[in-house]
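Trainee: dropping a prediction and its sequence here:
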Amino acid sequence: MTEYYKSKLASGLEFQDYCAIQFSKIGIPITSFSSTKYQYEKGENLQGFEFKNDEIFRSTGNLWIEVKERTNINNEYVNSGIFRSDNTKFYVMGDYEGVFIMQKKVLQALSKKYKAKENNMKTSIGFLFPVKRAKELFDYIEFKKPQEND
């Protein structure tokens, strides 16, 4: 694994934990799998949510919807993101201010309308999905700013 991949994985897990706390505040408990075995065999959690932190969607106006990935440039691409074969039903994407809750099957159908491309790091293939369109099709959960004792 490259250092870039490791850092993205660590920040993704931190974001997932943050979302689990936020979801619990609105009555949706998240039971995440901690072992690699169950994450690969089942998915991120029992509830079927895949959490993705898109740190730049507000400035770009697009969400990056992944369809394939590889851990480093020497590996082959494998199905990932919305085409990963696991229990994921909802692709939860956003940032620390809020997230879109998008149905995986809907994103799979929409992917046919968008051109997939490789990211700059050459570790992921996906498509850019306009935030404007996401607002029309999917629910958005705004996170309350944490209080001092949170």
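Mentor: That came through, no problem.
Trainee: what residue is smack in the middle of this protein?
Mentor: Lys52 (2.2 Å; C-alpha atoms, centre = their mean).
Trainee: hmm, that one is touching Met93, no?
Mentor: Yes. Using C-beta atoms under 8 Å, Lys52 is in contact with Met93, at 4.3 Å. (Glycine included, C-beta is placed from N, CA and C.)
Trainee: ok so, going back, so the residue nearest to the centre of the chain is in which element?
Mentor: For Lys52, the host element (DSSP states H and E) is strand 49-53.
Trainee: what is the mean pLDDT for that strand?
Mentor: Mean per-residue pLDDT for strand 49-53: 95.
Trainee: then stretch 71-87?
Mentor: Mean predicted lDDT for stretch 71-87 stands at 90.
Trainee: for it, which outside residues touch it?
Mentor: Defining contact as C-beta atoms under 8 Å, 6 or more residues apart in numbering, one finds that stretch 71-87 is touched by 1-2, 5, 40-43, 46, 48, 50, 52, 65-70, 91, 104, 107-108, 111, 122-126.
Trainee: coming back round to it: and the next helix or strand past the strand holding Lys52?
Mentor: The helix or strand immediately downstream of strand 49-53 is helix 57-60, counting by DSSP H and E.
Trainee: just the CA trace of that next one, in CSV.
Mentor: Taking C-alpha atoms only, helix 57-60 is exported to CSV below (Å, rounded to 0.1, in the frame of the first residue of the first chain):
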residue,chain,number,x,y,z
PHE,A,57,-17.3,18.7,-3.5
ARG,A,58,-18.4,22.1,-2.2
SER,A,59,-15.7,23.9,-4.2
THR,A,60,-15.9,21.7,-7.4
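Trainee: great, nothing more from me.
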